[in-house]
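A.B. asks: The sequence and its predicted three-dimensional model are supplied below.
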Amino acid sequence: MTAQAEPSDLPDLPEVATADPAPGLPSQRGGPAIDSPSGRLGSEGRVLNVFSHGVLALWGLMVTLPLLWAVMSAFKTDKEIFTSPWALPTSLHFDAWGRAWSQAHMSQYFLNSVIVVAGSLFGTMLLGSMAAYVLARFEFPGNRFVYFLFVGGMSFPIILALVPLFFVMKNMQLLNTFPGLILVYIAYSLPFTIFFLSGFFKTLPSSVAEAAMIDGASHTRTFFQVMLPMAKPGLISVGIFNFLGQWNQYLLPTVLNVGDEDKKLLPQGLVALAVSQGYKGDWSGLFAGLVIAMLPVLAAYIVFQRQVQAGLTAGALK
Amino acid sequence: MQHGKYRFIVGFLALPLAIYGVFVISPFIQAIYYSFTDWTGLSPDFKMVGFQNYQRLWDDEVFWKSVGHNVLLLVLPLVTLGLGLFFAFMLNVGGRRRKNAAIAGVRGSSVYKVVYFFPQVLSIAIVALLFQFAYNPNSGALNSFLKAIGLDSVQPDWLGDPQLALWCVMAVMVWCNVGFYVVLFSAGMSSIPKDFYEAALLDGANRVQTFFRITLPLLWDTVQTGWVYMGIMALDAFAVIQIMTVGPGGPDYSTEVLAYYLYTKAFRDGQAGYATTLGVALLIVTMIFAGIVMKLGRRERLEY
């Protein structure tokens, strides 16, 4: 939303460079500086401002250039990618996109990811909010024990459990199946979800729930019709967090979903694509696949940037 | 209020607990148990071998090499947090003064934040693949950039060079994570009251001083949590190593880390028992790290 603010900055820059930093000279825009003891701070602020923008823009370039480079390469021919990696494509070639989307099964991987993440996200939110609600608002023996059992799961590296988990899945006939992956995703998302949501449920006023109970609603009904709607902001934050975590998950499917080629999830399929296209030398197809995987998430992020930033950093702020 | 309360509690907790127990708790406990066996993972037969796996670990050169790399990866949090703090401070305090305000953020600060956050929303698999191409010595973005600015003679082999490979991986991890900390610290900084800066500036402090005397102490809790967070992530590093590096594991084990070594032992070499031992070792390294950070960082919490 501040995209409009950026251009208005540009006319400032030359002026800053030539402006007289003499003390006491009020700048046209700033008005009288009431609080400054002298002009020293004013001039310091200007130099600093240029320096800040310079440094910040430099890092911005470092972040965006690799991404732009990938997008650009997806429109090139293989020969262009090799001979002039930084030049703009001579003409826009869309054939690589088609190759990646249909021949290289990117469409299939995409669909697989959608199925798994839809199931696991729904399950995580439902089960997580149910457990969090009970743990946050009901007293019963063992409450704290169960809570710390869940929350303790946040601090252990998943990789430690990976080997036995593989055999647990194998014995339950869940290896290489979508329901199996969904269950595992739910299980490993529960600790943070419960930690975050139980904190959130605790802050909600109890009077509303009590009123619902007096009106004859059951506990279950109170939860679904009164408390869940009230917890919507918290659910959105933790939902975004879980969505990105599960959509981008690479380690778990790499180990637990090694069956059929066409059952791979998106990140996994992309890596497989990189290996096979690498042999074939189809670099443009590879870049197209990369961009196909990249763009939807980036687009969704730009639309929901505020919520995404808040959702992802919520964990560390608590 | 009481009627059906326990039935409700049990009804709501049973399923989440069951899923969590089967897929998280039981594998963790089994991992510790299997680390004392000679289980291959291929046959159902195995026997207890006591501390034999741990003894083997002690003499395993590749294991120590991986631990060394993992410890080196722990330098990463410092660089990432440092850059994160620096950029966040720039965003919040580095701007030109406006009327009536002693300090101000730069204009367009949320644009910067949006851009810096890009890598965070991408799958680590995408990021790793992208940089694998960028590091390609023949046609990659980096070497052709060096050529373009006239450095034809400087054409490193990047991931193929045992001296450079691990640093290349670390650069990618820093690239990926700085944005997260900029946003995190920026949120923390914007909640510090402006009067503090105003008072300090009136007293003649410069901005560097305000950073070390005001911003950092008030933000310390967040920095510490961020450090632990980042460290745990750096200790893993599985995806980047597996996707990006040659081998994988790098030329001559130069990018081997515990997580990837564990994976190869379990799923390639059929040494599931030994692999879980490596997992326990990784857990111990993680706990030592978290303990050190907590101990080093212990300070009185400042209320404001």
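C.D. replies: Looks like it came in fine.

A.B. asks: helix or strand for the residue lying closest to residue B:42 once chain neighbours are set aside, which one?
C.D. replies: Distance criterion CB to CB, 6 or more residues apart in numbering or on different chains; nearest residue to residue B:42, sequence neighbours excluded, is residue B:270 at 5.0 Å. In this view, the C-beta of every residue, glycine as well, is placed from N, C-alpha and C. Using DSSP states H and E, residue B:270 sits within no helix or strand.

A.B. asks: can you check residue A:162 too?
C.D. replies: Judged by DSSP H and E, residue A:162 forms part of helix A:158-171.

A.B. asks: helices and strands around that helix, which ones?
C.D. replies: In terms of contacts (3 or more CB pairs under 8 Å, 6 or more residues apart in numbering or on different chains; DSSP states H and E), helix A:158-171 is packed against helix A:178-203, helix A:251-256, helix B:26-34, helix B:258-267, helix B:272-296.

A.B. asks: winner for burial among the ones you listed?
C.D. replies: helix B:258-267 (a mean of 24; mean count of other CB atoms under 10 Å in any protein chain shown).

A.B. asks: So what's the model's average confidence on that one?
C.D. replies: Per-residue pLDDT over helix B:258-267 has a mean of 88.

A.B. asks: Next, the angle from it to helix A:158-171.
C.D. replies: Helix B:258-267 runs at 20 degrees relative to helix A:158-171, counting by axes from the mean of the first three to the mean of the last three CA atoms, to 10 degrees.

A.B. asks: gap between helix B:258-267 and the chain center?
C.D. replies: 19 Å (CA atoms, centre = their mean, to the nearest Å).

A.B. asks: That one versus helix B:272-296: what angle between them?
C.D. replies: 160 degrees.

A.B. asks: Show me what counts as buried in stretch B:188-202.
C.D. replies: B:188, B:189, B:192, B:196, B:197, B:200, B:201 (16 or more other CB atoms under 10 Å in any protein chain shown).

A.B. asks: cool, stretch B:204-217 as well?
C.D. replies: Buried, per 16+ other CB under 10 Å, within stretch B:204-217: B:205, B:207, B:210, B:211, B:214, B:215.

A.B. asks: Hmm, residue B:89 and the fourth one touching each other?
C.D. replies: Yes - at 5.6 Å, residue B:211 counts as touching residue B:89 under the criterion of CB atoms under 8 Å.

A.B. asks: how close does residue B:181 sit to residue A:57?
C.D. replies: Separation of residue B:181 from residue A:57 (CB to CB, to the nearest Å): 19 Å.

A.B. asks: Give me the more crowded residue out of these two.
C.D. replies: residue B:181 (28 against 13; other CB atoms under 10 Å in any protein chain shown).

A.B. asks: Just say helix, strand or coil for that one.
C.D. replies: Per DSSP: H, G, I helix; E, B strand; the rest coil, the local secondary structure of residue B:181 is helix.

A.B. asks: Surely it touches residue B:80?
C.D. replies: Yes - the pair residue B:181 / residue B:80 is scored as a contact, 6.2 Å apart, by CB under 8 Å.

A.B. asks: joint contacts of these two?
C.D. replies: Contact criterion CB atoms under 8 Å, 6 or more residues apart in numbering or on different chains; residues shared by residue B:181 and residue B:80: residue B:230.

A.B. asks: the domain parsing of the chain - what is it?
C.D. replies: Picked chain A for this. Taking automatic domain parsing as the reference, chain A has its domains at A:2-74, A:99-317.

A.B. asks: wrong one, I was asking about chain B
C.D. replies: According to automatic domain parsing, the domains of chain B span B:1-29, B:61-296.

A.B. asks: Would you work out how far apart the start and end of the longest one are?
C.D. replies: Right, domain B:61-296. Using CA to CA, to the nearest Å, the end-to-end distance of domain B:61-296 comes out at 31 Å.

A.B. asks: Can you give the distance from that domain to the centre of its chain?
C.D. replies: 6 Å.

A.B. asks: Grab the nearest non-local neighbour of the residue of the stretch 151-300 of chain B found nearest chain A.
C.D. replies: As assessed by CB to the nearest CB, chain A sits closest to residue B:279 within the stretch 151-300 of chain B, at 3.9 Å. Nearest non-adjacent residue to residue B:279, counting by CB to CB, 6+ apart: residue A:160, 3.9 Å away.

A.B. asks: and residue B:120, what helix or strand is that in?
C.D. replies: Going by DSSP H and E, residue B:120 is in helix B:118-121.

A.B. asks: returning to what we had before: could you export the helix holding residue A:162 as PDB, keeping only the C-alpha atoms?
C.D. replies: Taking Å, rounded to 0.1, in the frame of the first residue of the first chain, the C-alpha atoms of helix A:158-171 are listed here in PDB:
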ATOM      1  CA  ILE A 158      11.800 -33.200  13.500                       C
ATOM      2  CA  ILE A 159      14.700 -35.000  12.000                       C
ATOM      3  CA  LEU A 160      15.300 -36.900  15.200                       C
ATOM      4  CA  ALA A 161      11.900 -38.600  15.000                       C
ATOM      5  CA  LEU A 162      12.200 -39.200  11.300                       C
ATOM      6  CA  VAL A 163      13.600 -42.700  11.200                       C
ATOM      7  CA  PRO A 164      11.100 -44.300  13.600                       C
ATOM      8  CA  LEU A 165       8.300 -42.200  12.100                       C
ATOM      9  CA  PHE A 166       9.100 -43.800   8.700                       C
ATOM     10  CA  PHE A 167       8.600 -47.300  10.200                       C
ATOM     11  CA  VAL A 168       5.500 -46.200  12.200                       C
ATOM     12  CA  MET A 169       4.000 -45.100   8.900                       C
ATOM     13  CA  LYS A 170       5.100 -48.200   7.100                       C
ATOM     14  CA  ASN A 171       3.500 -50.500   9.700                       C
END
